[in-house]
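[1] Give me a 3D structure for the following:
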Amino acid sequence: WKFLRRSRWTKVKALYIIARYVPFLFIITDIYCLGVISLTCSECFFVLRTYALWNSNRIVLVAMLSALFAIIASFIGICFSAIATSHGLCSRFSHD
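    The predicted structure follows:
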């Protein structure tokens, strides 16, 4: 904790803090949006660490970002289909 306070603020430091401490807020408050933000930040942090580990290899970066965007797109599609399905169910029951 001492090293975090003494270092200067960067994007990586912000990603680290969000990925590290937002899940506790999510558990306490049970807010879905915080969980999505935390998951996204932790995945970005993972991509940055892997990119640095592979000596800034652009092929690895492109592969990781492509996979990350595919996962985000599928997550958004699943959320919208769940919302559309639940709305259809609710409207069917309210008309009866």
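[2] List the contacts of residue 38.
    Taking CB atoms under 8 Å, 6 or more residues apart in numbering, we find residue 38 in contact with 18, 19, 22, 23, 26. Yep, even glycine has a C-beta here, placed from its N, CA and C like the rest.
[3] From those residues, pick the one nearest residue 61.
    Residue 61 has its nearest neighbour among the contacts of residue 38 in residue 19, at 18.8 Å by CB to CB.
[4] which residue packs closest to that closest one, ignoring adjacent ones?
    Sequence neighbours aside, residue 42 is the residue nearest to residue 19 in space, at 3.8 Å (criterion: CB to CB, 6 or more residues apart in numbering).
[5] ok, that neighbour touching residue 21?
    No - applying CB atoms under 8 Å as the test, residue 42 and residue 21 come out as separate, 11.2 Å apart.
[6] who has more neighbours, those two?
    residue 42 (17 against 11; other CB atoms under 10 Å).
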